[in-house]
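>>> The sequence and its predicted three-dimensional model are supplied below.
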Amino acid sequence: MLSNPAAMASLPQNTNGLLADRSANRDQEPQLRTVKHLQESVPTEVRKLTIEEEKEIEEILSQQYNLPVKAEIDGIKLNRSYGLIGGEQHLYRYPGDTVFKHADTTSDWAMYGGSGIAPGLGAWGYFVPSEAQFSNKDKLRERYYIAVQTFLAPGFAENVGKYRDFFKFRKMLLVNPKTGQAVVTVVGDAGPAEWTGKHLGGSPEVMHFVGYAKGPRKGPVLYFFIDDPKDEVPLGPIDPAQGYANLVKI
């Protein structure tokens with residue numbers, strides 16, 4: 001057949017493209033599988049999950065992202081683990097910080113600079129007392145922060161100090177159940193207020209990597225604690241195909 005020019009003409013000419021397409025499909029399989037599992041377990045209505053639903057989703061997220069995911073740690077949990085996220089501004093990381101210092105490159109500025117910087121400090125004040133003490137770890141904490149309604153957590157009013165310390169920079173897995181896009185984040189602020197209709201907020205970078213950076217900049221997400229007492233899980237976007245092994249440690 002190969003000696004026949006007509007037969008040769010009928011063969012695919014761009015085999016590299018076909019191989020690339022097949023490879024891309026294989027790469028997407030874990031994310032598609034994650035979305036399928038979540039669609040079967042996450043209610044279409046954005047509401048508080050039942051204890052049974054939380055347990056089931058805990059198992060799915062732990063398995064799909066290779067992380068110790070929990071809705072509750074040490075008897076503490078948020079008022080909900082499924083809600084609407086909205087976009088937040090950058091936070092002041094140390095005295096004298098500016099929005100311009102948050103961008104490492106022109107691309108960084110183009111993507112995230114327009115979000116601006118919040119006029120006040122986050123719930124825990126500056127991330128560090130001075131620029132001299134500012135580290136890459138602090139940088140990533142602000143870059144991938146979320147604001148959650150700590151003040152609505154069951155038991156918060158009776159244990160303000162304990163809960164404040166527990167939530168400060170607590171790692172959480174944030175997942176878009178519609179797409180499987182996920183980010184390992186930290187709790188860097190408290191909010192938003194109940195009257196906003198939103199249940200949590202995300203930094204400009206978080207909103208980008210979870211798929212809500214454009215349009216109304218709002219959408220449903222799952223948010224569960226990561227049980228990481230030794231601080232080993234890196235922050236940033238996470239691929240269900242590789243779990244957190246593909247992230248750079250801080």
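Received, thanks.

>>> From now on I want contacts and neighbour counts done on CA atoms only, so please keep to that.
Will do.

>>> how about the helices in the chain?
Per DSSP state H, the chain carries helices over the ranges 5-9, 15-41, 51-65, 106-112, 136-143, 160-167, 204-209.

>>> tell me the most buried of the ones you listed?
helix 204-209 (a mean of 23; mean count of other Cα atoms under 10 Å).

>>> Distance from stretch 125-143 to the middle of the chain?
Offset of stretch 125-143 from its chain centre (Cα atoms, centre = their mean, to the nearest Å): 19 Å.

>>> Quick one: end-to-end length of it, please.
Start and end residues of stretch 125-143 are separated by 15 Å (Cα to Cα, to the nearest Å).

>>> Need the contact partners of it.
For stretch 125-143, the external contacting residues (Cα atoms under 8 Å, 6 or more residues apart in numbering) are 90-97, 169, 185-186, 188, 203-206, 235-236, 250.

>>> Likewise for stretch 87-95?
98-99, 115-118, 120-122, 126-131, 134, 138-139, 142-143, 201-204, 207, 213, 217-218.

>>> in that stretch, what's buried?
Residues of stretch 87-95 classed as buried by neighbour count (16 or more other Cα atoms under 10 Å): 87-94.

>>> Stretch 75-87 now?
For stretch 75-87, by 16+ other Cα under 10 Å, it's 76-87.

>>> can you put the residues you listed in a markdown table and add distance to residue 61 and pLDDT?
As requested, the buried residues of stretch 75-87 are exported to a markdown table (distance: Cα to Cα, whole Å; pLDDT from 0 to 100):
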| residue | distance to residue 61 | pLDDT |
| --- | --- | --- |
| 76 | 19 | 98 |
| 77 | 17 | 97 |
| 78 | 17 | 98 |
| 79 | 19 | 97 |
| 80 | 16 | 97 |
| 81 | 12 | 98 |
| 82 | 13 | 98 |
| 83 | 16 | 98 |
| 84 | 18 | 98 |
| 85 | 18 | 98 |
| 86 | 22 | 97 |
| 87 | 23 | 96 |
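
>>> Relative to residue 162, which of the residues you listed is nearest.
residue 76 (9.9 Å; Cα to Cα).

>>> what sits against the closest one?
So, once contact is read as Cα under 8 Å, 6+ apart, residue 76 ends up touching 153-154, 163.

>>> Go ahead and flag the most central residue of this structure.
The chain has residue 183 as the residue nearest its centroid, 2.7 Å off, counting by Cα atoms, centre = their mean.

>>> for that one, which residues make a bridge with it?
residue 174, residue 237 (DSSP bridges).

>>> Distance check, it against residue 84.
15 Å.

>>> and what of residue 186?
Taking Cα to Cα, one finds residue 186 at 17 Å from residue 84.

>>> if we can go back for a sec, is the residue nearest to the centre of the chain in contact with residue 234, as I believe?
No - the criterion here is Cα atoms under 8 Å, and residue 183 misses it with residue 234 at 10.1 Å.

>>> Below-threshold pLDDT in the protein: ranges please.
Filtered on pLDDT under 70, the chain yields the residue ranges 1-28, 241-250.

>>> what about 90?
Low-confidence segments of the chain, defined by pLDDT under 90: 1-37, 39, 214-217, 239-250.

>>> who wins for proximity to residue 226 among the helices of the chain?
Using Cα to Cα, the helices of the chain put helix 51-65 closest to residue 226, at 9.1 Å.
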